[in-house]
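In: Just the structure for this:
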Amino acid sequence: MDKNKTVLIIDDDQNNIFALKLALKSRGFQALGCLSAEEGLAQLRNSAGVGLVLMDMMMPEIDGYEATQLIRKTWDSQEMPVIAVTAQAMTGDREKCLAAGANGYISKPIDIELLVRLMGEIVK
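Out: Below you'll find the predicted structure:
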């Protein structure tokens, strides 16, 4: 992934956002964080530099599945890649995330090296 592009982290846990931002920044990426799907969707509408979204799937109000579907209705899948992030990691979760429109899937706790490789595979 082009390090000039920004990674948008949408997660309802501030600690997760902080840790991911720190890990990504230490590898040369720019990162923004939003605490809700609503805030994340607004950020996408107002930021031209976002190149990838890390979407927590289990959030109150609008969950990551619905938010990903909303992104797909607004942005072409090639224009706005989404990686689903979940702590659940139950059987069938990966398929459910991909069916909702995610381009990739990773479970928590996040292996940052695996995440960076996945980002590179999705955003060429």
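In: which other residues reach the helix or strand containing Leu54?
Out: Assignment of secondary structure by DSSP states H and E places Leu54 within strand 50-56. The contact list for strand 50-56, computed with Cβ atoms under 8 Å, 6 or more residues apart in numbering, reads 1-2, 5-13, 16, 20, 32, 37, 40, 43-44, 64, 67-68, 71, 80-86, 102, 115, 119, 122-123. From N, CA and C alone the C-beta is placed, and that goes for glycine too.
In: Okay, buried residues for that strand please.
Out: Under the neighbour-count criterion of 16 or more other Cβ atoms under 10 Å, strand 50-56 has 50-56 buried.
In: Pull the most distant pair out of the residues you listed.
Out: Gly51 and Asp56 (18.3 Å; Cβ to Cβ).
In: What segments of the protein are helices?
Out: Under the criterion DSSP state H, the chain contains helices at 14-26, 37-46, 64-74, 93-99, 112-122.
In: Ile106: which of those is closest?
Out: Among the helices of the chain, the nearest to Ile106 by Cβ to Cβ is helix 112-122 (5.7 Å).
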